[in-house]
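Engineer: from the sequence below, what's the structure:
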Amino acid sequence: MTKHLNYLTVCLFACMLAFSSCQSPDSNRQESTQDSTNSYTPLPASTDFDVVILNGRVMDPETNFDGIRNVGIKDGIIALITEEDIKGKETIDATGHVVAPGFIDQHQHCVDPYIFRLMVRDGRTTIMDLEHGAFGPKVDEWYKKREGVTPVNFAVSSNHEAARAHVLDGFNEWKFFNTPDALWWRVKQGWSKTRPNLEQGNQILSVLDEGLRMGAIGIGSTTGYMREGVSPRELFEVQKLSALYGRQLGLHVRGTPGTDVQESNGHQELLANAAALNAPAISMHFNNPGYNLVHELLVRMREQGHNVWGGLYPYAAGSTALNAVFLDPDTWVKELGNKYEETVMDVQTGEYYTQESREKMLKTDPTRPVVVFKMPESAIVEWLKLPGVAIASDGMPIYPWDSLKWDTPYEELGNAHPRSAGCYAKAFRLARENDIPLMQIVAMSSYNTANPLGKMGLKAMQVRGRMQVGMVADITIFDPATIQDNATYAKGTLPSTGIPHVIVNGVIVMRDSEPLAGVNPGQAIRFPVEEKSRFEGLNVDTWKSEFYVMPEHFGCTSELDAAVEEHQH
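Structural biologist: Numbers count the residues shown, from 1 in each chain. Next comes the predicted model:
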């Protein structure tokens, strides 16, 4: 694959945004910050704690605290961080290890039992599907299905693509309620290529609104897969709906994957809408051509007070379905200059496609998962130097999944992109090998997701992503010298190593690198359910009275066409 990127701009920009935030202040800073930011009173050292963590290197990315301390946990809360001796019912010796906020993954499409051990082995304590999400009317069922049976915290957005499949293709065969159901709805094309009329547009928005009403974290949209069908007007209305609740739109942007111009323009569409609506937004997996400009846009918008942020995964390849619109020859080969035999690999067989073998497979298994190589390996280290960015795996379901269970041996799991199993450990390994400050990656793995979600009013994230007294005890303990990803493109389900202990809501869910069966303290991360919808249907009269000029799309009924014609004359 012949890709040439100019890194001068991003390198200069990264130098300007120096890593001063990763320097450890004196130990008194944490105590003063804790006292001023929450009302929790530290428990005395004489307390009989539920869990104590001894002699670990406590790292807090919000206050930049970095020091050897003992941690006492009581009733699911970090109740004391101290140099004094403490005791508890359970003890973890963290000598030589980092005690960090639990890793928070805002972009994980598989939230099912067979994936949980891999999540914990990679240090993740919260997994959220914020790019795709769940079918709006099924959001409450999606949450209830996981309550009491999940070792990690879980969250979901209201799914734009699923709403379109339901309204435009009549899809209603829900099994998982979220991303894995796309295996069936993506067989048709209406969800991707059809521009809805005004009535259909209102139906799509109503479906999304129902998910928001039920407490979804925001709206997830894969507009990059629907670039023909989703007009700028539709995306703006979707983003306006999410803003009505003060919640984010997590977007796979229109031009991804594409050239640096297409990619940048896609993120600019998202961010222009966010600025106009004063709404939160996530630039999903912007680790593509044009990433340096996208990062600068995000930084500058945050400086102006906008709650916008981006996520990325430390891999040169992505993963998608074989029939993704951007893998058509006109786009992938002619426009972007790729060769199938060098860039599109079958997940199950490891073989690369040709144009002929792809066309043949599309006839029998159109949604078959593939790995798509799209960036040079050398870019990954640069991504990990970008301040304010969140690590987000874009982890995929493992196919076929019918026989998979929580305790299915790792070697018997089907293949998947390695980001599903090793995303966070890989980031720490690469940081170690390339002298990137450890606090930078700790922040990328936790605080950089929790902080903007907390600013959005999500209370559960206001008390996570930090190692401070009074915060929820979601904690990942790892050895900075040995933390290691083991998953590869050939075998993407090998667990990470160097992370011996993980705590979720004050409960040990992994000890000595062994996930504990039947231990499921994971909590639903969601907004409160609201009694009434906030959405009011769109109509021609409103557009005419408020903005005068009629929209060209997202309302192309004959009645609207006539109204447009009349208005223009």
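Engineer: by residue count, what's the longest strand in this protein?
Structural biologist: Determined from DSSP state E, the single longest strand within the chain is strand 48-60.
Engineer: counting contacts, what elements does that one pack onto?
Structural biologist: strand 65-74, strand 77-82, strand 87-93, strand 98-101, helix 438-442, strand 475-478 (3 or more Cβ pairs under 8 Å, 6 or more residues apart in numbering; DSSP states H and E). Yep, even glycine has a C-beta here, placed from its N, CA and C like the rest.
Engineer: and G465, which of these is closest to it?
Structural biologist: strand 98-101 (4.9 Å; Cβ to Cβ).
Engineer: that closest one pairs with which strands, and in what direction?
Structural biologist: Take DSSP bridges as the rule and strand 98-101 pairs in its sheet with strand 48-60 (parallel), strand 475-478 (antiparallel).
Engineer: kindly compare burial across those and name the winner.
Structural biologist: The highest mean neighbour count among the strands paired with strand 98-101, using mean count of other Cβ atoms under 10 Å, belongs to strand 475-478: a mean of 27.
Engineer: picking that back up, and the longest strand of the chain, how far out from the chain middle?
Structural biologist: 28 Å (Cα atoms, centre = their mean, to the nearest Å).
Engineer: what sits against the residue sitting nearest the centre point of the chain?
Structural biologist: Taking Cα atoms, centre = their mean, the centroid of the chain lies closest to H107, which sits 2.1 Å from it. Applying Cβ atoms under 8 Å, 6 or more residues apart in numbering, we find H107 in contact with 128-131, 250, 284-285, 311, 313, 392-395.
Engineer: can you lay out these as CSV showing distance to P42 and neighbour count?
Structural biologist: Formatted as CSV, the contacts of H107 follow (distance: Cβ to Cβ, whole Å; neighbours: other Cβ atoms under 10 Å):
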residue, distance to P42, neighbour count
M128, 30, 25
D129, 35, 26
L130, 33, 28
E131, 38, 27
G250, 36, 30
M284, 38, 28
H285, 39, 24
G311, 33, 25
Y313, 37, 27
A392, 33, 31
S393, 34, 32
D394, 38, 26
G395, 36, 30
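Engineer: wait, which of those is closest to T542?
Structural biologist: So of the contacts of H107, ranked by how close each gets to T542 (Cβ to Cβ), first place is G250, at 27.3 Å.
Engineer: ok so, going back, can you redo the helices and strands packed on strand 48-60 as TSV with distance to V299 and mean pLDDT?
Structural biologist: TSV is the format used below for the helices and strands packed on strand 48-60 (distance: least, Cβ to Cβ, whole Å; pLDDT from 0 to 100):
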stretch	distance to V299	mean pLDDT
strand 65-74	24	98
strand 77-82	30	98
strand 87-93	37	98
strand 98-101	22	99
helix 438-442	15	98
strand 475-478	27	99
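Engineer: which one, of the ones you listed, ends up nearest to Y410?
Structural biologist: Of all the helices and strands packed on strand 48-60, strand 475-478 comes closest under Cβ to Cβ, at 19.0 Å.
Engineer: ok, residues contacting the closest one?
Structural biologist: Contacts for strand 475-478 (Cβ under 8 Å, 6+ apart): 53, 56, 71, 73, 78, 92, 94, 97-103, 123-125, 428, 445, 467, 498-503.
Engineer: hmm, back to that, identify the bridge partners of the residue nearest to the centre of the chain.
Structural biologist: Beta-bridge partners, per DSSP bridges, of H107: D129.
Engineer: can you map out the helices along the stretch 201-350 of the chain?
Structural biologist: Ranges of helices in the stretch 201-350 of the chain, per DSSP state H, counting those that start in this stretch, are 232-244, 260-277, 291-303, 329, 340-343.
Engineer: out of the ones you listed, deepest packed?
Structural biologist: helix 232-244 comes out most buried of the helices of the stretch 201-350 of the chain by mean count of other Cβ under 10 Å, with a mean of 21.
Engineer: hmm, who's touching that helix?
Structural biologist: Contacts of helix 232-244 (Cβ under 8 Å, 6+ apart): 160, 195-196, 201, 204-205, 208-209, 212, 218-219, 221, 223, 248-249, 251, 254, 269-270, 273-274, 277-281, 534-535, 538, 551-555.
Engineer: narrow those to those in strands?
Structural biologist: Going by DSSP E, the strands hold G218, I219, S221, Q248, L249, L251, A281 from the contacts of helix 232-244.
Engineer: ok, back up a step: which among the helices of the stretch 201-350 of the chain is found nearest to Y424?
Structural biologist: helix 291-303 (19.6 Å).
Engineer: the residue nearest to N265 when sequence neighbours are not counted: how many residues sit nearby?
Structural biologist: Of all residues not flanking N265 in the chain, G255 sits nearest, at 5.7 Å (Cβ to Cβ, 6 or more residues apart in numbering). Neighbours of G255 under the rule other Cβ atoms under 10 Å: 23.
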